[in-house]
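Peer 1: my questions are about this predicted structure, shown below with the sequence.
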Amino acid sequence: MSTYLLNEWKKRPGGPQDPTAFMRTLDSDRASLKEKEVIVKAFDDWDVLTPTWFEVADYLPAIERLHENNDFPERLRAALLASKVAYCLGDYKGALMLALSAEDLFSLTPRDGSAAVGQQDEQYVNRMIEEALDTYKTAKRNGAAIDTRLEALINRLFERNLNKKDLRYVIGLAIDTRRVDMIETAVKAADDQAAILIETVASVLEGQIDTGLRHQILTLLLRMFCNLDQPDFVNVCQCLIKLEKPTDVADIIDKLIGQDMKTDGALLAYQIAFDLYENATQQFVKKILAAMAKIDNELPGSSSASPVPPSTPPLNPSPTSDSPSPVNTGLTPVPAPEQLEPLARPTTPSPENPKTIIFRRIRGILRGEETIRHHMQFLIKNNHTDMLVLKEMKDCVRTAMAHNATLLANGLMHLGTTCDDFLRENLEWISKATNWNKFNAVATLGMIHRGHEAAALKLLDPYLPKAEADQFGFKEGGSLYAYGMIHAHHGNALVTKYLRDQLSTAQTAAVRHGACLGLGLATMASHDDEVYAHLRETLNMDDAVTGEAAGTAMGLTMVGSLNNTAFEEMVQYMNETSHDKIQRGLRTGIALLGYGRQEEAEVWIGRLLEAKSCAVMRQAGVCLMAMAYAGTGNASVVKRLLAKVASDPNNDVKRMAVIAIGFLLSKS
């Protein structure tokens, strides 16, 4: 009887309307389970439910009771119907819970649409999957307990896409849901495992993934790469860089060099060395060089014990038919290559192990000699600076601030080109600079000659500290800063020693200021404890000008280290000092300690932001947040920063929070 009435009701003109009678049957104790079963099946159809859901919603508790009745044959379908009604009401969390109760009756493949209501089931299924994934990801991220039914649904989602061979989707979903096991399953299911591994490494390295999960995934990918018949050593080394395993990288390079020359192992080792220089920190590269030195010393015929000249001569470009005229690369004319005396050649060259020769070349690449040389050649040949713009700016200068801005603009426009013609042609105008403007004028030489390491001391010799000390030392301080900029991020032991010696013997605050900044740049990310200790001693002098640079330099040396001892010392000194300049320098230094460490820096961030009575501490917390999440575009962190802009009573904290948002979205 119920089936006949339902069919007649559906055929009514205008479609099904007013389902009250059927809903009352569901809520009635006198109606048989068979009748209720027929009604539930009938309403589990979007053609029926879409025009009547707002009335069916009044009887949602009755439908849920049917699901809870273990004697009801269609209890799972009742849960599915209740889920659809909750979805129509906009209660997506409730709809998901009811859909999970429907177990396998909730299909991941939508039903076909109809002319009357369209793709209503597809919208419902997609919304439930989206809600399930969001709930699952939140639970995994927070380490909360996960409903077994939700776990089963996510597994079904993985299985469906694995069966469809949509492996890239599976890997992307596995990363989002922190399912490392499914990444392994997807890679093993691929026909070309090497290609899918390479794509996965790129996704992990470029994606917005927290460091803990990235470490787990890269460890898995590294193991799977090593299990291949022909591992992709370039990507293996990319994994090892992030996993901070320099000794393993050195072993791979040694293995590649030891291969037969016909296999191009040496060429691959060179490529890995170039990648290491571009992507690894100074500390990481130094550890590789140390490990390679040990291997090289064990080789027969090794000459590594003797001093090795640089693998590339100083860059002195000469004019060619299709290249612009040579720029002036220093303060003293440099002879052209044809004017140089030929190098003396030994009449009886001593035999040298070919592997040692390759090791020497790789060491040169890791020290940046090749990259810097080619980079400088590119910048020199493609220097198209409009000197007329600088001339117009110079002619409009009326204030010391505009004078300083013009000098800095010249440095930025000629960055790395070695072209200092503007400075040479306007010596009288530049001589008008006083105090810190003079410091900046000399420091711009470091920008212009960035990477021109072979002639750095010769270029800066007229300005470097001499025996007879200048009264204020702005010129000398600027030259030391410039020297650090020329060697930024790849200062060798000689450069570090020179800057430390100058810092120890400096007599004025300006010279110490420049020496600290230069030392910080040259040892950037080296995590050198001796340099850090030297800078800390300089900070303890409690001189405002010197301390500002020392605080920043301490952060540069230990950038990204997340060194807790350094953090505690810098925070303590920030609280104790009365100098605003030192506090600002330490604010920058503290922020640099957590560079790129994301959620690992959250303990520090929370502690700094909770300093209600100290605005500069909160500023440091905001800056640390900017550095820790720089370029990630993390939406939750942006939200926290916006809240800081709206609620913090200190204008400087608000200003820093706005700037921090720019750092977070810098790659967006």
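Peer 2: Yep, that arrived.
Peer 1: export the helix or strand harbouring Asp134 as CSV, just CAs?
Peer 2: Here Asp134, judged by DSSP states H and E, is contained in helix 120-142. Extracted in CSV, the C-alpha atoms of helix 120-142 (Å, rounded to 0.1, in the frame of the first residue of the first chain):
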residue,chain,number,x,y,z
GLN,A,120,22.8,17.4,-6.5
ASP,A,121,24.4,14.1,-5.4
GLU,A,122,27.8,15.1,-6.8
GLN,A,123,27.7,18.4,-4.7
TYR,A,124,26.7,16.5,-1.6
VAL,A,125,29.4,13.8,-2.0
ASN,A,126,32.1,16.3,-2.8
ARG,A,127,31.1,18.4,0.2
MET,A,128,31.2,15.4,2.5
ILE,A,129,34.7,14.4,1.2
GLU,A,130,35.9,17.9,1.7
GLU,A,131,34.6,18.0,5.3
ALA,A,132,36.1,14.6,6.0
LEU,A,133,39.5,15.6,4.8
ASP,A,134,39.5,18.9,6.8
THR,A,135,38.5,17.0,9.9
TYR,A,136,41.1,14.3,9.3
LYS,A,137,43.9,16.8,8.6
THR,A,138,43.1,18.8,11.7
ALA,A,139,43.1,15.7,13.9
LYS,A,140,46.4,14.5,12.4
ARG,A,141,48.0,17.9,12.8
ASN,A,142,46.9,18.2,16.5
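Peer 1: for it, name the packing helices and strands.
Peer 2: Applying 3 or more Cβ pairs under 8 Å, 6 or more residues apart in numbering; DSSP states H and E, we find helix 120-142 packed against helix 46-49, helix 75-89, helix 92-101, helix 148-163, helix 167-176. Heads up, the C-betas are built off the backbone N, CA and C, glycines and all.
Peer 1: can I get the ones you listed in JSON lines with mean neighbour count and distance to Lys612?
Peer 2: As requested, the helices and strands packed on helix 120-142 are exported to JSON lines (neighbours: other Cβ atoms under 10 Å; distance: least, Cβ to Cβ, whole Å):
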{"stretch": "helix 46-49", "mean neighbour count": "20", "distance to Lys612": "54"}
{"stretch": "helix 75-89", "mean neighbour count": "23", "distance to Lys612": "43"}
{"stretch": "helix 92-101", "mean neighbour count": "21", "distance to Lys612": "36"}
{"stretch": "helix 148-163", "mean neighbour count": "16", "distance to Lys612": "40"}
{"stretch": "helix 167-176", "mean neighbour count": "19", "distance to Lys612": "37"}
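Peer 1: would you format those helices as JSON lines with distance to Met182 and mean pLDDT included?
Peer 2: JSON lines is the format used below for the helices and strands packed on helix 120-142 (distance: least, Cβ to Cβ, whole Å; pLDDT from 0 to 100):
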{"stretch": "helix 46-49", "distance to Met182": "32", "mean pLDDT": "89"}
{"stretch": "helix 75-89", "distance to Met182": "26", "mean pLDDT": "94"}
{"stretch": "helix 92-101", "distance to Met182": "20", "mean pLDDT": "94"}
{"stretch": "helix 148-163", "distance to Met182": "5", "mean pLDDT": "94"}
{"stretch": "helix 167-176", "distance to Met182": "4", "mean pLDDT": "93"}
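Peer 1: now the ones you listed in JSON lines, with distance to Glu8?
Peer 2: Below are those laid out as JSON lines (distance: least, Cβ to Cβ, whole Å):
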{"stretch": "helix 46-49", "distance to Glu8": "13"}
{"stretch": "helix 75-89", "distance to Glu8": "21"}
{"stretch": "helix 92-101", "distance to Glu8": "30"}
{"stretch": "helix 148-163", "distance to Glu8": "38"}
{"stretch": "helix 167-176", "distance to Glu8": "46"}
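Peer 1: how far off centre is the helix holding Asp134?
Peer 2: Here helix 120-142 is found 28 Å from its chain centre; the criterion is Cα atoms, centre = their mean, to the nearest Å.
Peer 1: cool, and stretch 477-493?
Peer 2: 25 Å.
Peer 1: where does pLDDT dip in the stretch 151-300 of the chain?
Peer 2: Applying pLDDT under 70 to the stretch 151-300 of the chain picks out residues 259-263, 296-300.
Peer 1: please apply the same query to the chain.
Peer 2: For the chain, the stretches flagged by pLDDT under 70 are 1-2, 259-263, 296-353, 469.
Peer 1: still on that earlier bit, to Ile661, which of the helices and strands packed on helix 120-142 lies closest?
Peer 2: helix 167-176 (24.1 Å; Cβ to Cβ).
Peer 1: buried set for the helix or strand following that closest one?
Peer 2: Using DSSP H and E, the next helix or strand after helix 167-176 towards the C-terminus is helix 180-188. Buried residues in helix 180-188, counting neighbours by 16 or more other Cβ atoms under 10 Å, are found at Val180, Met182, Ile183, Glu184, Thr185, Ala186, Val187.
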